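Visitor: sequence and predicted model, in that order:
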Amino acid sequence: MLQNLRERAQLPAAAAEPTQRWIHSIGLAVAVGIAYFLAARLSLALLTKPDGVAVFWPASGVAAGALIALGPAARLPVAVGAMAATVVANLLGDRTIWGAIVFALCNAAEAVLTAGLLDRYFGSGFSLNRLRHVLGLLAATIVGTAVSGIGGTMGYMLFHSSAASVLTIWQHWFASDALGIVTVAPLLIEIAAATRDPPPRSELTAGLAALAALAAMSGLVIFLPREPWATVVLIALLFPLLLWLAARCRPVFAAAAAFIVALTIVWTTTFGFGVFGDSSLPIADRIQGAQASILAASLCAFVLAALFAERRQNEVALREGEARLQEALTAGAVTAFEWDASTGLSRRSENAAQILGLDPQQTSTAAHFLARIHPDDRARFKALVYGVRPDKPSYTVSFRFIRPDGREVWLEETSRAEFDAAGRYVRLKGLTLDITERKRAEKHHDLLIAELDHRVKNVLARVAVVVMYARQGSNSMDELVQALEGRIQSMADAHALLSQSHWLGVGLKELVQRQLAPYATNANMTVRGPDVTLSAAATQAVAMVLQELVTNAVKYGALSTPDGRVLLSWNHRPGGDAAASLMIAWSETGGPPTLAPTQSGYGTSLIRDLIPHELGGTVDLVFAPDGVCCRIEIPPSDVSHDGKGEPLIEPLS
């Protein structure tokens, strides 16, 4: 119900029509007025003589609690309901109309002032789940009731005959209203908090059972003899239940327990039952004893509930913080550790199992950890760990670690040692980072640099050889430029293909198309062969050989006449498997008669010698009268088989 009233009271102006807002406000005022009236009539049943001030005024707790729970938006309906109920309750008694009006104004101002102070200093959604909130409620209650007591005292003096002194009347007003707020308002506040965040079913069941037991224990007050030891027995029976409720349940159950205890004490005092109803004692002493007992029991319950609630909140925050820390450590491949120098024992974060393969719940020793460090890194690591001193307490070291499953990982440890006042080594704390992937990347990078250096040297050496032989075989500058351009372009094309594949190899069909495209067409050249991939070294060598073959065919062979044709085919050695050598055949027909050169030039030497020299393959170059024939064998180590089936016939364009 409180949650529904709160939602109605906090409806924004733009979200509801004026009529609907008025209906909600009137409903809230009526609900508060009824509850306030019933509580006021109960309070007026116990009046002190001769001033006529109520000993216990729970109605003040109804108004203040409702206003604190519902927020500032409910200020007007709650004040109107409290004022109307006060007037009616007083008129039904022996009060005058003017006195009832003064008391109504004081009671409404008391609730507004108390709730306003809490809202200003603690904000909305006030709850007794913190000790500072409990103390804040107590302080706001003191201020609100002290101020309203001044107005109430004036009303008694002006409109109600009373033989008591002004101070006595104010004290009785202050005590009764303060007790009413302290015992009733927390129950309403915590019920509203429980509606916002309902407790689990198990907690609700246990709390209600404990409240039932507390109510039964409180009923024993009626039957206890009026002896001094009865009070001790009462405390011994009730305090364990209050402590259990505070420790295991939310503050709403402690507030309900305090309300039950306060109601029991007021009831027995009013009707003369049990310890607090001893008629042999003066009424003033009985009332003071009852008020002191109510205040003590309520504050004890609220303080204990707040302390335990704060502890639970801190435990939850600590667990959440540890969980976030573990997630961050796991995401960063980092494990935290602490090593005790005196005992030699070490502890590590939960993700140690993921990085080191070690059980985080098992306490290990420094010797056990050192035994798993790679032998080549162990001495250096041990020297750093035991070499720290007060003026140099930190170190960072990278080392290899052998996990229990036998896998080797690279770790980087950053640590800082702690020393006592005498400079003795106390403990070591730090972080261990898994840098295995970084080390692999560094190693791969070093290999790439070395490979790049080797390849650049080879390219430059080949360019130098090309330049030298091209100059020897050229009769003019134009011939030299043409020879250099074709051969260097061939090397560049092969390099471009390798770069696209990250130097993992190039398909032979793609290489052939790139090398022969400037000179060959579908009319003068046929290419056939399965899908195969050449290694980086084979790609470069085959590219240069094909360049020399096609250049020679364009100048002197089949591609120098319209009727000439070239057949380029490849396949694995007959009878071989996927690991067999690759056979490449170059065959020219229809060209001018071919004569074997009397002296091998650069091109002929490159065709015959490059592949045997760099790949360990073989080359058979024949200058037959009807055309040049060249058979090349590439070793299996430089070829990977991509497909099976019949050889393919592919056009060049």
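Guide: Nice, thanks for sending it over.

Visitor: now do stretch 595-605: distance to the chain's middle.
Guide: A distance of 73 Å separates the centroid of the chain from that of stretch 595-605, by Cα atoms, centre = their mean, to the nearest Å.

Visitor: ends of that stretch, what's the gap?
Guide: Terminal residues of stretch 595-605 are spaced 16 Å apart (Cα to Cα, to the nearest Å).

Visitor: offset the numbering so it begins at 368, please.
Guide: Okay, using 368 as the starting number, the last item reads as stretch 962-972.

Visitor: all helices of the stretch 818-967 of the chain, in order?
Guide: Along the stretch 818-967 of the chain, counting by DSSP state H, counting those that start in this stretch, helices occupy 844-867, 875-883, 903-922.

Visitor: including distance to T635 and mean pLDDT, could the ones you listed go into CSV?
Guide: Just so you know, the C-beta spots here come from the backbone N, C-alpha and C atoms, and that holds for glycine as well. Below are these laid out as CSV (distance: least, Cβ to Cβ, whole Å; pLDDT from 0 to 100):
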stretch, distance to T635, mean pLDDT
helix 844-867, 95, 72
helix 875-883, 102, 86
helix 903-922, 100, 86
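
Visitor: checking the spatially most central residue of the chain next. Helix, strand or coil?
Guide: The centroid of the chain falls nearest to R691 when counting by Cα atoms, centre = their mean (5.2 Å). Per DSSP: H, G, I helix; E, B strand; the rest coil, the local secondary structure of R691 is helix.

Visitor: ok, back up a step: export the helices of the stretch 818-967 of the chain to a markdown table and tack on mean neighbour count and distance to V514?
Guide: Output for the helices of the stretch 818-967 of the chain, formatted as a markdown table (neighbours: other Cβ atoms under 10 Å; distance: least, Cβ to Cβ, whole Å):
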| stretch | mean neighbour count | distance to V514 |
| --- | --- | --- |
| helix 844-867 | 16 | 86 |
| helix 875-883 | 20 | 94 |
| helix 903-922 | 22 | 92 |
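
Visitor: and of the ones you listed, who's closest to G522?
Guide: G522 lies closest to helix 844-867 among the helices of the stretch 818-967 of the chain, at 97.3 Å (Cβ to Cβ).

Visitor: just give the closest residue to E570, not the sequence neighbours.
Guide: Distances taken as Cβ to Cβ, 6 or more residues apart in numbering place C616 nearest to E570, at 5.7 Å, with adjacent residues excluded.

Visitor: on that earlier part again, can you lay out the helices of the stretch 818-967 of the chain as a markdown table showing distance to F541?
Guide: A markdown table is the format used below for the helices of the stretch 818-967 of the chain (distance: least, Cβ to Cβ, whole Å):
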| stretch | distance to F541 |
| --- | --- |
| helix 844-867 | 91 |
| helix 875-883 | 98 |
| helix 903-922 | 96 |
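
Visitor: tell me which of the ones you listed lies nearest to I627.
Guide: helix 844-867 (83.1 Å).

Visitor: neighbours of Q387, just the number please.
Guide: 12 (other Cβ atoms under 10 Å).

Visitor: give me phi/psi at it?
Guide: With angles defined as degrees, to the nearest 10, Q387 sits at phi -70, psi -40.

Visitor: and if you look at K796?
Guide: K796 adopts backbone torsions of phi -120, psi 150, taken as degrees, to the nearest 10.

Visitor: thinking again about what came up before, for P897, find the nearest of the helices of the stretch 818-967 of the chain.
Guide: Of the helices of the stretch 818-967 of the chain, nearest to P897 by Cβ to Cβ is helix 875-883, at 8.9 Å.

Visitor: same for the closest one, what does it pack against?
Guide: Helix 875-883 is packed against helix 844-867, strand 892-895, strand 899-901, helix 903-922, strand 932-939, with contacts defined by 3 or more Cβ pairs under 8 Å, 6 or more residues apart in numbering; DSSP states H and E.

Visitor: of these, which is nearest S967?
Guide: Of all the helices and strands packed on helix 875-883, helix 903-922 sits nearest to S967, with 11.8 Å by Cβ to Cβ.

Visitor: if you count contacts, what does that closest one end up packed against?
Guide: helix 844-867, helix 875-883, strand 949-956, helix 969-982, strand 994-1001.

Visitor: could you redo the last one with a cut-off of 6 Å?
Guide: Judged by 3 or more Cβ pairs under 6 Å, 6 or more residues apart in numbering; DSSP states H and E, helix 903-922 is in contact with helix 844-867, helix 875-883, helix 969-982.

Visitor: kindly present the ones you listed as JSON lines, with separate columns for distance to F675.
Guide: Output for the helices and strands packed on helix 903-922, formatted as JSON lines (distance: least, Cβ to Cβ, whole Å):
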{"stretch": "helix 844-867", "distance to F675": "69"}
{"stretch": "helix 875-883", "distance to F675": "75"}
{"stretch": "helix 969-982", "distance to F675": "81"}
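
Visitor: relative to R686, which of those is closest?
Guide: The closest approach between R686 and any of the helices and strands packed on helix 903-922, judged by Cβ to Cβ, belongs to helix 844-867 at 52.7 Å.

Visitor: before we move on, the earlier item: which one of the helices and strands packed on helix 875-883 lies nearest to F669?
Guide: Set against F669 and scored by Cβ to Cβ, these come closest in helix 844-867, at 75.8 Å.

Visitor: out of the helices and strands packed on helix 875-883, which comes closest to A440?
Guide: Nearest to A440, of all the helices and strands packed on helix 875-883, is helix 844-867, at 69.8 Å by Cβ to Cβ.

Visitor: dump the residue contacts of S731.
Guide: Contact partners of S731, counting by Cβ atoms under 6 Å, 6 or more residues apart in numbering, are S713.

Visitor: any idea what it is bridged to?
Guide: Counting by DSSP bridges, S731 forms beta bridges with S713.

Visitor: also V873?
Guide: L901.

Visitor: burial measure for it, as a count.
Guide: For V873, the number of neighbouring residues by other Cβ under 10 Å comes to 25.

Visitor: distance of it relative to D898?
Guide: 12 Å (Cβ to Cβ, to the nearest Å).

Visitor: for I558, same thing?
Guide: Relative to D898, and taking Cβ to Cβ, I558 is found at 78 Å.

Visitor: biggest strand in the protein by residues?
Guide: If you go by DSSP state E, the chain has its longest strand at strand 775-786.

Visitor: hey, C-alpha coordinates of that one in PDB?
Guide: C-alpha atoms of strand 775-786 as PDB (Å, rounded to 0.1, in the frame of the first residue of the first chain):
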ATOM      1  CA  GLU A 775      56.100 -23.800 -21.200                       C
ATOM      2  CA  VAL A 776      55.000 -20.200 -20.800                       C
ATOM      3  CA  TRP A 777      56.800 -16.900 -20.700                       C
ATOM      4  CA  LEU A 778      56.000 -14.700 -17.600                       C
ATOM      5  CA  GLU A 779      56.900 -11.200 -16.600                       C
ATOM      6  CA  GLU A 780      56.900 -10.500 -12.900                       C
ATOM      7  CA  THR A 781      56.800  -7.000 -11.300                       C
ATOM      8  CA  SER A 782      57.200  -7.100  -7.500                       C
ATOM      9  CA  ARG A 783      57.900  -4.900  -4.500                       C
ATOM     10  CA  ALA A 784      59.200  -6.100  -1.200                       C
ATOM     11  CA  GLU A 785      58.200  -4.900   2.200                       C
ATOM     12  CA  PHE A 786      60.600  -4.500   5.200                       C
END
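
Visitor: need the residues that contact it.
Guide: Outside strand 775-786, the residues within contact range by Cβ under 6 Å, 6+ apart are 755, 757, 760-761, 763-769, 793-795, 797-800, 802-803, 806.

Visitor: hang on, the earlier thing: A908 is nearest to which of the helices and strands packed on helix 903-922?
Guide: Closest to A908 of these is helix 969-982 (Cβ to Cβ; 5.1 Å).
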